[in-house]
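S.K.: below: sequence and its predicted model.
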Amino acid sequence: MGALLRTLPAAAAVAAMGLLALAQSAAHAQSRFTDPGPQPPLPPCTCRAEGRIFQLGETTCLRTPQGSRMARCIMVINNPSWDAGTTPCPSALLPAETGGPS
């Protein structure tokens, strides 16, 4: 590197030295940060409805002000929550029974 700096004009030599210092600084900064290793498992997050426990992603039929709707257990800002969609529950689509037993 010294021989290269002697052959360059003064401004180029200063720029080359600056780049070398920057590269050494970046290498030093990168060596300070180490891989933290495997992360501990997250605690199990579940949703609850009508006395039952549901895992994230599971769906069930919930009563809403708009009637019975299919709802999925999701995470909202680190909290498990129900996402009730607009899809009616399959049982809500059945025709109402009329009359008693025959």
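M.R.: Nice, thanks for sending it over.
S.K.: all helices of this protein, in order?
M.R.: For the chain, the helices identified by DSSP state H occupy 2-7, 10-32, in order along the chain.
S.K.: in terms of mean pLDDT, which of those helices ranks lowest?
M.R.: Mean pLDDT per stretch puts helix 2-7 lowest among the helices of the chain, at a mean of 53.
S.K.: low-scoring stretches of the protein, by residue?
M.R.: Residue ranges of the chain with pLDDT under 70: 1-31, 92-102.
S.K.: and if we set it to 50?
M.R.: 5 (pLDDT under 50).
S.K.: all strands for it, in order.
M.R.: Secondary structure of the chain (DSSP state E): strands located at 46-49, 52-55, 59-64, 67-76, 79-88.
S.K.: got a list of contacts for stretch 62-70?
M.R.: Contacts to stretch 62-70, defined as CB atoms under 8 Å, 6 or more residues apart in numbering, come from residues 49, 59-61, 71, 82, 84-89, 91-92. Placement of C-beta: from N, CA and C, glycine included.
S.K.: so how far does that stretch reach from one end to the other?
M.R.: One end of stretch 62-70 sits 6 Å from the other (CA to CA, to the nearest Å).
S.K.: and that stretch, which residues are buried?
M.R.: 68-70 (16 or more other CB atoms under 10 Å).
S.K.: which one of the residues you listed sits closest to P38?
M.R.: Top of the list for closeness to P38, among these and by CB to CB, is M70 at 36.5 Å.
S.K.: before we move on, the earlier item: compare the contacts of stretch 62-70 and tell me which is most surrounded.
M.R.: Highest neighbour count within the contacts of stretch 62-70, by other CB atoms under 10 Å: A71, with 23 neighbours.
S.K.: quick one: residues contacting it.
M.R.: Contacts of A71 by CB under 8 Å, 6+ apart are 49, 59-62, 64, 82-85.
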